[in-house]
Every structure is written in C-alpha cells, then in structure tokens.
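A.B. asks: Need the 3D shape of this:
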Amino acid sequence: MKKALAIFIFLFLLSLIACEEAYTPKPRGYFRIDIQPSKFVKFQQAQHFSFEYPEDCIVEVDQSATDWFTLRYPDLQAALYLSYKSVDNNLPMYLEDARTMAFKHLPKASSITDSVFLNPDMTTGGMFYFIRGKGVASPVQFYVTDSIRHFVRVALYFDFRPNNDSIEPVINHIKSDMEHLAASVNWK
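C.D. replies: The predicted structure is shown next:
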C-alpha cells in the first residue's frame, strides 16, 4: 500500500510539472494603420488664395479671422491649421514667427530639419519644418508666401498625445498631403 501511494504521489507531481505551460508574453506592438492614397479637391472659398486638400478632410472656417481654416482628418484624429496673413513690409516678422513656432518644439525634438521649396511657376515658395522626436506635438509645419502680398502658415497637430514612432505612417501620409497642399496654393 505504501508503494502504491508513493507511485500515486509521484505520478501526481509528475503530471503537475508536465502540464505546466511556459508563459511568454506577446511583444509590445501597435495597431496596423491602413491608409488609402488621398484624392484632392479644390478649395476656393478663401478670400485671398485657393488650395487643394484631401477629400476625406472636413474644412472648418474660423469665424474670428479672415482666411483661417482647420482641415480635420476625422479617421486619423489629426488637424491641419491654416492661417493667412497679408504681407505689408512685415515679411521678416512672419518668417521669424514661423521659425519660432517650429522651434518651440525643440525641448521634445530629437531633430528639426528645414527644407526650402519653390513652386515650378516661381510665384510662391516657402519652407517646411520636419520635427522628429517622441511626443512632439506638431511634427510637420510649413509656410508659403509670394514675398510681396501673401503669407500662409500650416501646422499639423493630433487630437491626442502622439507617440511619433508608432504613428509614423500617419505622419508620412499627412506630410505628403501637406506637400501637395503647399504646391497647389494659388493667390487671388
């Protein structure tokens, strides 16, 4: 009887050890973000300029200022803020304001790259600011101007605290939309 009890206890303990499943946690990951290519429509309701924007955006008009708009990406929880200013011998001040607004993100930024662009028709030009870093509030900003009468500044913001590593595909998609928008600006 002692032998049978010893065998039973041994088999019971063996079954406990044999059935133990090793737990391995899943690696930390992010949801897959499927982004469709943008189709653009022309916006001509602005008083001083027109531009093309992605058709999946919602345009909100700021009633407190002339030609200030918000382009909302509802599916991506992002917004582009467009502001227009009339140039009257104050272009250096607007250029410095645009640079200052981009460099306000310096404490969180790992790098800020600027890139000058000119439209092929040579009537407009401007500068893009690409701001990289974890938790940067506005990863892309730009301005467009004709250097004589018109100045438009655009900044990308998200409706949440961004982790720019995980939303890099969204940032790149909106960045390409912003490049199209900048190239499509026409002054009235």
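A.B. asks: Against Lys134, how distant is Ser166?
C.D. replies: According to C-beta to C-beta, to the nearest Å, Ser166 stands 10 Å off from Lys134. Glycine gets a C-beta too; all of them are placed from N, C-alpha and C.
A.B. asks: ok, now which ones touch the nearest residue to Tyr129 once chain neighbours are set aside?
C.D. replies: Excluding the flanking residues, the one nearest Tyr129 by C-beta to C-beta, 6 or more residues apart in numbering is Ala102, at 3.8 Å. Counting by C-beta atoms under 8 Å, 6 or more residues apart in numbering, Ala102 makes contact with Ile112, Asp114, Tyr129, Ile131, Ser138, Gln141.
A.B. asks: Val170 contacts Asp75, correct?
C.D. replies: No - taking contacts as C-beta atoms under 8 Å, Val170 lies outside contact range of Asp75: 9.7 Å.
A.B. asks: Determine which member of those two has the greater number of neighbouring residues.
C.D. replies: Taking other C-beta atoms under 10 Å, Val170 and Asp75 do not tie; Val170 has more neighbours (21 against 12).
A.B. asks: Only C-alpha atoms, please: export the helix or strand where that one lies in CSV.
C.D. replies: Assigned by DSSP states H and E, Val170 belongs to helix 168-184. Output of helix 168-184 as CSV, limited to C-alpha atoms (Å, rounded to 0.1, in the frame of the first residue of the first chain):
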residue,chain,number,x,y,z
GLU,A,168,5.0,57.4,-38.4
PRO,A,169,2.8,56.1,-41.3
VAL,A,170,0.1,58.6,-40.5
ILE,A,171,2.7,61.5,-40.2
ASN,A,172,4.2,60.5,-43.6
HIS,A,173,0.8,60.3,-45.2
ILE,A,174,-0.3,63.7,-43.9
LYS,A,175,3.2,65.1,-44.8
SER,A,176,2.7,64.2,-48.4
ASP,A,177,-0.8,65.8,-48.3
MET,A,178,0.8,68.9,-46.9
GLU,A,179,3.4,68.9,-49.7
HIS,A,180,0.6,68.7,-52.2
LEU,A,181,-1.3,71.5,-50.5
ALA,A,182,1.7,73.7,-50.5
ALA,A,183,2.3,73.1,-54.2
SER,A,184,-1.3,73.8,-55.0
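A.B. asks: which other residues reach that helix?
C.D. replies: By C-beta under 8 Å, 6+ apart, helix 168-184 touches 33, 35, 38, 40, 42, 50-54, 73, 76, 78, 80, 117, 119, 126, 128, 130, 139-140, 142, 144, 154, 156, 164.
A.B. asks: Stretch 80-98 too?
C.D. replies: In contact with stretch 80-98 (C-beta under 8 Å, 6+ apart) are residues 46, 48-49, 51, 57, 65-71, 73, 127, 129, 141, 143, 145-157, 174, 177-178, 181.
A.B. asks: In helices only, show me those.
C.D. replies: Ile174, Asp177, Met178, Leu181 (DSSP state H).
A.B. asks: Just among the residues you listed, which is most surrounded?
C.D. replies: Ile174 (26 neighbours).
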